[in-house]
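S.K.: Quick one, what's the 3D model for this:
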Amino acid sequence: MKRLGVILTLLTVWALLPGEGQAMVRYNTATVQTITGQVTAVERVRLRRSHRVRLLVATPQGVIPVSLGPGRYVKQQNFVFGTGDQVTVIGSRVLTRKRVPVILASEVQKGGQVLKLRDASGAPLWVVKRRY
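M.R.: Numbering: from 1, shown residues only. Here you go, the predicted structure:
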């Protein structure tokens, strides 16, 4: 019985872990940079019960994964990305749990549009703050 409890606990923890080794990294204002390039792929990365939008952006330094945020938030902002789009991304360059570099975007510019994803401190704009 004790073994079953341990197994169920481990399965629960595993199920709650973010997909693709992406999350569990925090926005770091000390590593903010700006990149410009062409979108080579738009991906939906499963994360718990929702999905995140990730762009693969080709730059002179190589292809860089850019994590935007929840798909529902990007859609609510009336923003659509496609292969071939020219973008400028401002965000924090961090390493995932699997030691893969990724940019956590705070702002993405495409044409004359600007998609705001985080505030100046890196707090996500899709999170509703409760006041007590």
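S.K.: Residue 35 and residue 59: what is the separation?
M.R.: The span separating residue 35 from residue 59 equals 5 Å under the rule Cβ to Cβ, to the nearest Å. C-beta: built from backbone N, CA, C; applies to glycine.
S.K.: which strand is the longest one in this structure?
M.R.: With residue count as the measure and DSSP state E as the assignment, the chain has strand 32-47 as its longest strand.
S.K.: quick one: strands adjacent to that strand?
M.R.: Using DSSP bridges, the neighbouring strands of strand 32-47 in the sheet come out as strand 50-59 (antiparallel), strand 86-95 (antiparallel).
S.K.: which other residues reach the next helix or strand after the last one?
M.R.: Tracing the chain past strand 86-95, the next element assigned as helix or strand by DSSP states H and E is strand 101-110. Residues from elsewhere that reach strand 101-110 (Cβ atoms under 8 Å, 6 or more residues apart in numbering): 22, 25, 27, 32-33, 35, 55, 64-69, 79, 81, 85-96, 114-119, 122.
S.K.: So for residue 35 and residue 59, which residue has more residues nearby?
M.R.: Relative neighbour count places residue 35 above the other of residue 35 and residue 59, with 18 against 12, counting by other Cβ atoms under 10 Å.
S.K.: Quickly list what the more buried one is bridged to.
M.R.: Assessed by DSSP bridges, residue 35 has beta-bridge partners residue 89.
S.K.: Tell me the confidence at it?
M.R.: pLDDT, the model's per-residue confidence, is 97 for residue 35.
S.K.: now residue 7
M.R.: Model confidence at residue 7, given as pLDDT, is 43.
S.K.: do residue 98 as well
M.R.: Model confidence at residue 98, given as pLDDT, is 86.
S.K.: same question, the one 10 residues further on
M.R.: We have a pLDDT of 98 for residue 108.
S.K.: How about residue 80?
M.R.: 92.
S.K.: which SS class is it?
M.R.: Under the three-state scheme (DSSP: H, G, I helix; E, B strand; the rest coil), residue 80 adopts coil.
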